[in-house]
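J.: Sequence first, predicted coordinates after that:
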Amino acid sequence: MIEKIEHIKLSLNVKAYKTVFLDIETSGLSKQQDFIVIIGLLSDETYTSLILEKNKDEKEMLARLLKLLESSDTICTYSNFDLTFINNKLEQHGFDKLVYQHLDLKKLRIIKKLYKKSNRSELELLVNFEREMTITGQPLAKIIKNYIKTNSSDMLEVILSHNKEDLFSCFHLYKLYLLRSIIPISYCKIENNIIVSYEPIDINDFQINNVKFIFKDILEVTIPIVYLTKKRFLTPYTDYFYIQSQNQIVHKSIAKLLPPSARQKLKKETCFIEETDFFLDIGNQPKFCDELTLSDFHNLILELIL
């Protein structure tokens, strides 16, 4: 096994306390027949790569991984594949499974919503990350298989570069996870929108449903307001009458002052009045927004993205 350590300056305002970003490269997708070729770890501005020289070194690689993870609380990956593969191999070699908290970025609600329209490369641009390498999928799999056969140092550098960029991608996409901890500053109503202002975060503009996240010097979340007419049913319906001459529903205490011919009994389904209020056009169902506070608006936004 070869262990390489590279110190990297990450010019990001991202705090990932006791979180390690993990990505592996394997000889294939079979957890039984294939094996780990590279384990990449990114934490505390350090990129560590564990490189398999021979298939029999896998146990040594896993033992070293367990040691490197001791100071971490959370393992962050882009998908569940990496940790599932590692846990399977740990069991095969007589180790216990990893018991760390696992943050699977692909399962984040906000990424699921954005991923409907975007692939991973588009998500990366959203968080200001652009890859230098474009080799992925089948071309990369062929390079890994050839490296296993030839032990070519050039091929190893290609695989390591891809692994490193996958980890950088995770690190940048982690900013979407950090949206859960953003702190609201203020809100205001401008025309037909509620605008909630937050502390700045390094992400490009995006939109979920009709809600816009706009990143200037601060983060501004713009929620449209819609005016809807709703029915408010009056109970018990037997206490109300319809006055046709006034096109109005009144209580029986008033209706009794009129002659019987001027008032009509109501049915349960017709005993209602219509009221127009403004609602927040957020999520699948508009939210009634009368007398909401800054904290209320913030919680509605968190419901949308988390």
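T.: Received the coordinates, thanks.
J.: rest of the way, CA atoms for contacts and neighbours
T.: Will do.
J.: What's the mean pLDDT across stretch 252-272?
T.: Stretch 252-272 shows a mean pLDDT of 94.
J.: Can you give the contact residues for that stretch?
T.: Contacts with stretch 252-272, where a contact means CA atoms under 8 Å, 6 or more residues apart in numbering, come from 231-235, 237-245, 249.
J.: now do stretch 109-122
T.: 105-106, 123, 130, 176, 208, 304-306.
J.: returning to that earlier point: among the contacts of stretch 252-272, which lie within strands?
T.: Judged by DSSP state E, strands contain the following of the contacts of stretch 252-272: 231-233, 240-243, 249.
J.: Closest one to residue 153 out of those, please.
T.: Among the ones in strands among the contacts of stretch 252-272, residue 231 lies closest to residue 153 (CA to CA), at 72.3 Å.
J.: Any idea what that closest one is bridged to?
T.: residue 274 (DSSP bridges).
J.: Now for it, how many residues are close by?
T.: 12 (other CA atoms under 10 Å).
J.: what do you get for the one 4 residues further on?
T.: Neighbourhood size, residue 235 [other CA under 10 Å]: 11.
J.: Return the distance of it relative to residue 271.
T.: Counting by CA to CA, to the nearest Å, the gap from residue 235 to residue 271 is 8 Å.
J.: Run the chain-centre distance for the lowest-mean-pLDDT helix or strand in the chain.
T.: The weakest-scoring helix or strand in the chain, judged by mean pLDDT, DSSP states H and E, is strand 287-288 (a mean of 72). A distance of 23 Å separates the centroid of the chain from that of strand 287-288, by CA atoms, centre = their mean, to the nearest Å.
J.: which parts of stretch 148-166 are buried?
T.: 148, 155-156, 158-160, 162-166 (16 or more other CA atoms under 10 Å).
J.: Can you lay out those residues as JSON lines showing secondary structure, distance to residue 203 and pLDDT?
T.: Converted to JSON lines, the buried residues of stretch 148-166 look like this (DSSP: H, G, I helix; E, B strand; the rest coil; distance: CA to CA, whole Å; pLDDT from 0 to 100):
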{"residue": "148", "secondary structure": "helix", "distance to residue 203": "39", "pLDDT": "91"}
{"residue": "155", "secondary structure": "helix", "distance to residue 203": "33", "pLDDT": "94"}
{"residue": "156", "secondary structure": "helix", "distance to residue 203": "32", "pLDDT": "94"}
{"residue": "158", "secondary structure": "helix", "distance to residue 203": "28", "pLDDT": "95"}
{"residue": "159", "secondary structure": "helix", "distance to residue 203": "28", "pLDDT": "96"}
{"residue": "160", "secondary structure": "helix", "distance to residue 203": "27", "pLDDT": "96"}
{"residue": "162", "secondary structure": "helix", "distance to residue 203": "23", "pLDDT": "95"}
{"residue": "163", "secondary structure": "helix", "distance to residue 203": "23", "pLDDT": "96"}
{"residue": "164", "secondary structure": "helix", "distance to residue 203": "21", "pLDDT": "95"}
{"residue": "165", "secondary structure": "helix", "distance to residue 203": "18", "pLDDT": "94"}
{"residue": "166", "secondary structure": "helix", "distance to residue 203": "18", "pLDDT": "95"}
